[in-house]
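Participant: Sequence first, predicted coordinates after that:
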Amino acid sequence: KAPTVPFNQERSQAAFDRACEFMPGGVNSPARAFGAVGGKPLFIERADGPFLFDIDGNQFVDFIGSWGPMIMGHAHPKVVAAIQEAVAKGTSYGAPTERESQLAELITEAVPSIEKLRLVNSGTEATMSAIRLARGATGRDKVIKFSGNYHGHVDSLLVSAGSAAASLGVPDSPGVTKGTSSDTIVLEYNDVAALQSCFAEYGDQLACIILEPVVGNMGCVPPQPGFLQAARELCTKSGAVLIFDEVMTGFRVAWGGAQSLYGITPDLTTLGKIVGGGLPMGVYGGRKDLMDHVMPAGKVYQAGTLSGNPLATAAGVAMMQLLKEESPYAYLEQQAERLAQGLSAAATAAGLPHQVQRVGSMMTLFFSEQPVLSWTQANECHRERYAEYFWGMMRAGIYLPCSQFEALFFSSMHTPELMDHTIDAAHTVLGA
Ligand code: PMP
């Protein structure tokens with residue numbers, strides 16, 4: 001049943017003040033601090049299915065799902081059971097296990113471009129390692145990335161990055177040296193002409209393109225027809241490596257990720273979030289001949305004490321098996337369409353210019369007059385309006401992303417009734 005909340009924030013606010021004494025900004029990852037919408041974050045006690053419960057006893061319909069991983073809902077019994085079974089056998093060995101190959105097989109089966117892979121501990125590690133591999137395998141230095149695309153806090157990629165960096169207005173971080181970022185070329189997303197002229201100028205110096213095949217980190221921005229194809233063709237011609245960062249889109253927009261949805265096969269793919277079933281995990285993988293450059297098969301170094309961790313692989317295998325068996329994607333698509341239409345109708349009824357952009361169960365309501373196809377356009381959105389919408393929805397028991405520049409996610413546990421409740425709330429909040 002859909003909750004309505006009195007929204008007492010007393011304990012959360014005290015917890016936040018205390019956390020600020022110990023951690024920078026009171027959090028362990030910046031997006032959690034609510035910097036883009038003002039106010040103090042809610043502290044969570046537990047989560048179940050589509051719901052979050054905070055320490056003041058408020059209940060929310062969760063539309064961030066841990067920023068992506070919780071596609072089957074929180075605390076899914078099969079994932080919980082798999083972790084419980086694994087934990088009793090020890091939490092880390094620093095030696096190989098059979099389950100690593102079991103997970104690897106499930107992933108290679110699902111994702112078209114992945115023939116071989118490495119398990120790491122986060123999306124950041126995955127993109128960092130993929131870039132190193134692309135450079136090591138090609139012997140070239142330069143990397144193309146797109147503004148508003150976020151690939152974790154890798155030094156060389158923390159240039160015009162989206163997500164919390166963008167929400168807080170610091171697209172370029174102090175501490176990233178000119179030397180580190182000087183080989184990073186930043187282009188506008190969906191701009192094929194810019195990509196072509198970049199290849200014309202730097203062709204044989206380009207190690208790789210890294211991109212989000214559907215951007216989630218400037219809000220949801222789908223690739224325009226021809227954009228991914230152009231990236232593929234230019235890379236193939238010049239010998240550069242095409243990397244799809246599917247940390248967000250992998251197992252989210254489709255079982256095989258965005259690459260299966262759009263029919264474009266990259267050379268390397270990075271994964272995270274869903275693939276670890278809610279435990280820390282990242283993956284990079286791709287063509288066998290490329291992956292065999294990684295040590296100890298090849299010379300490109302990459303390692304990790306906790307990589308392939310038994311708890312993370314237990315959760316990951318349980319999640320992959322669930323997704324395979326239950327294939328939630330048709331249901332998610334149906335509910336996404338229902339929600340998109342409902343949110344759009346609510347904004348229209350309130351007379352607010354807007355765009356609802358989505359691919360599957362990744363979605364953003366932009367307060368913008370025009371479609372948002374690039375970082376420049378994302379920046380023209382009405383961010384104060386988004387902040388008001390965010391807090392209004394929070395008071396109605398709906399937990400949305402705390403920035404115009406983050407996509408919302410939901411799960412197979414979000415019932416049609418919860419979607420309708422969310423749409424009703426949007427009518428009230430936007431109307432006000
Ligand atoms: N790539 C993309 C597309 C992401 O969305 C994220 C995180 N939101 C990352 C990389 C980094 O992953 P992590 O936070 O696990 O390091």
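Facilitator: Received it, and whenever you're ready, just let me know what you need. Residues are numbered from 1 along each chain as shown.
Participant: only C-alpha atoms for contact and neighbour calcs from this point on.
Facilitator: Noted.
Participant: where along the stretch 301-432 of the chain do the strands fall?
Facilitator: 355-359, 362-366, 398-399, 408-409 (DSSP state E, counting those that start in this stretch).
Participant: who touches residue 358 in this structure?
Facilitator: With contact set as Cα atoms under 8 Å, 6 or more residues apart in numbering, residue 358 has these partners: 220-222, 340, 364.
Participant: want to throw the residues you listed into CSV with pLDDT, distance to the ligand and neighbour count?
Facilitator: Converted to CSV, the contacts of residue 358 look like this (pLDDT from 0 to 100; distance: Cα to the nearest ligand atom, whole Å; neighbours: other Cα atoms under 10 Å):
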residue, pLDDT, distance to the ligand, neighbour count
220, 98, 11, 26
221, 98, 12, 30
222, 98, 13, 22
340, 98, 21, 22
364, 98, 14, 27
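Participant: what are the phi and psi values for residue 111?
Facilitator: Main-chain dihedrals, residue 111, degrees, to the nearest 10: phi -100, psi 110.
Participant: which intervals of the stretch 251-400 of the chain have sub-threshold pLDDT?
Facilitator: Flagging of the stretch 251-400 of the chain using pLDDT under 70 yields an empty set of residue ranges.
Participant: what does it put close to the ligand?
Facilitator: Counting by Cα under 6 Å from any ligand atom, the stretch 251-400 of the chain comes close to the ligand at residue 272.
Participant: if you go through the stretch 251-400 of the chain in chain order, where are the helices?
Facilitator: For the stretch 251-400 of the chain, the helices defined by DSSP state H, counting those that start in this stretch occupy 257-262, 288-291, 310-326, 329-349, 375-378, 383-395.
Participant: now, of those, which is deepest in the fold?
Facilitator: Here the criterion is mean neighbour count by mean count of other Cα atoms under 10 Å, and of those the winner is helix 310-326, at a mean of 22.
Participant: Just the residues contacting that one, thanks.
Facilitator: 72, 78-80, 82-83, 86-87, 90-92, 97, 99-100, 102-103, 106-107, 255, 274-281.
Participant: can you tell me the helix or strand for the most centrally placed residue in the chain?
Facilitator: The structure's the chain has its C-alpha centroid closest to residue 248; by Cα atoms, centre = their mean the separation is 2.9 Å. For residue 248, there is no enclosing helix or strand under DSSP states H and E.
Participant: any idea how the chain splits into domains?
Facilitator: 10-63+328-431, 77-326 (automatic domain parsing).
Participant: what's around the residue lying closest to residue 355 once chain neighbours are set aside, how many residues?
Facilitator: Nearest residue to residue 355 in three dimensions, chain neighbours excluded: residue 366, at 5.1 Å (Cα to Cα, 6 or more residues apart in numbering). Residue 366 has 27 neighbours, counted by other Cα atoms under 10 Å.
Participant: Over to residue 274?
Facilitator: Neighbour count of residue 274, defined by other Cα under 10 Å: 28.
Participant: Report the contact partners of residue 239.
Facilitator: By Cα under 8 Å, 6+ apart, the contact list for residue 239 reads 138, 204, 207.
Participant: Using CSV, please lay out the residues you listed together with distance to the ligand and secondary structure.
Facilitator: As requested, the contacts of residue 239 are arranged in CSV below (distance: Cα to the nearest ligand atom, whole Å; DSSP: H, G, I helix; E, B strand; the rest coil):
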residue, distance to the ligand, secondary structure
138, 22, helix
204, 26, helix
207, 19, strand
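Participant: Next, format those residues as CSV and append distance to residue 236.
Facilitator: Converted to CSV, these look like this (distance: Cα to Cα, whole Å):
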residue, distance to residue 236
138, 12
204, 12
207, 12
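Participant: Most neighbours of all these, which one?
Facilitator: Top of the contacts of residue 239 by neighbour count (other Cα under 10 Å): residue 207, with 28 neighbours.
Participant: related to what we said a few turns ago, OK, contacts around the residue nearest to the centre of the chain?
Facilitator: Counted by Cα under 8 Å, 6+ apart, residue 248 has contacts 68, 216, 271-274.
Participant: go with 10 Å
Facilitator: Contacts for residue 248 (Cα atoms under 10 Å, 6 or more residues apart in numbering) come out as 67-69, 123, 151, 212-217, 257-258, 270-275, 362, 407, 409.
Participant: now do residue 66
Facilitator: Applying Cα under 10 Å, 6+ apart, the residues near residue 66 are 74, 273-274, 278, 409-410.
Participant: so it sits in a helix?
Facilitator: Yes - under DSSP: H, G, I helix; E, B strand; the rest coil, residue 66 falls within a helix.
Participant: State the distance from it to the ligand.
Facilitator: 10 Å (Cα to the nearest ligand atom, to the nearest Å).
Participant: circling back: identify whichever of the strands of the stretch 301-432 of the chain lies nearest to residue 160.
Facilitator: Nearest of the strands of the stretch 301-432 of the chain to residue 160, taken as Cα to Cα: strand 362-366 at 19.9 Å.
Participant: for the closest one, packing partners?
Facilitator: helix 329-349, strand 355-359, helix 383-395, strand 408-409 (3 or more Cα pairs under 10 Å, 6 or more residues apart in numbering; DSSP states H and E).
Participant: Out of those, which gets nearest to residue 424?
Facilitator: helix 329-349 (8.0 Å).
Participant: Using PDB, list the CA coordinates for the closest one.
Facilitator: Extracted in PDB, the C-alpha atoms of helix 329-349 (Å, rounded to 0.1, in the frame of the first residue of the first chain):
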ATOM      1  CA  TYR A 329      12.200  -5.900 -18.700                       C
ATOM      2  CA  ALA A 330       8.800  -6.100 -20.400                       C
ATOM      3  CA  TYR A 331       7.100  -5.200 -17.100                       C
ATOM      4  CA  LEU A 332       9.600  -2.400 -16.400                       C
ATOM      5  CA  GLU A 333       9.000  -1.000 -19.900                       C
ATOM      6  CA  GLN A 334       5.200  -1.000 -19.300                       C
ATOM      7  CA  GLN A 335       5.500   0.700 -16.000                       C
ATOM      8  CA  ALA A 336       8.000   3.200 -17.300                       C
ATOM      9  CA  GLU A 337       5.700   4.200 -20.000                       C
ATOM     10  CA  ARG A 338       2.800   4.600 -17.500                       C
ATOM     11  CA  LEU A 339       5.000   6.700 -15.300                       C
ATOM     12  CA  ALA A 340       6.400   8.800 -18.100                       C
ATOM     13  CA  GLN A 341       3.000   9.600 -19.500                       C
ATOM     14  CA  GLY A 342       1.600  10.300 -16.000                       C
ATOM     15  CA  LEU A 343       4.500  12.700 -15.000                       C
ATOM     16  CA  SER A 344       4.200  14.500 -18.300                       C
ATOM     17  CA  ALA A 345       0.500  14.900 -17.900                       C
ATOM     18  CA  ALA A 346       1.000  16.300 -14.400                       C
ATOM     19  CA  ALA A 347       3.500  18.800 -15.600                       C
ATOM     20  CA  THR A 348       1.300  19.800 -18.600                       C
ATOM     21  CA  ALA A 349      -1.700  20.200 -16.300                       C
END
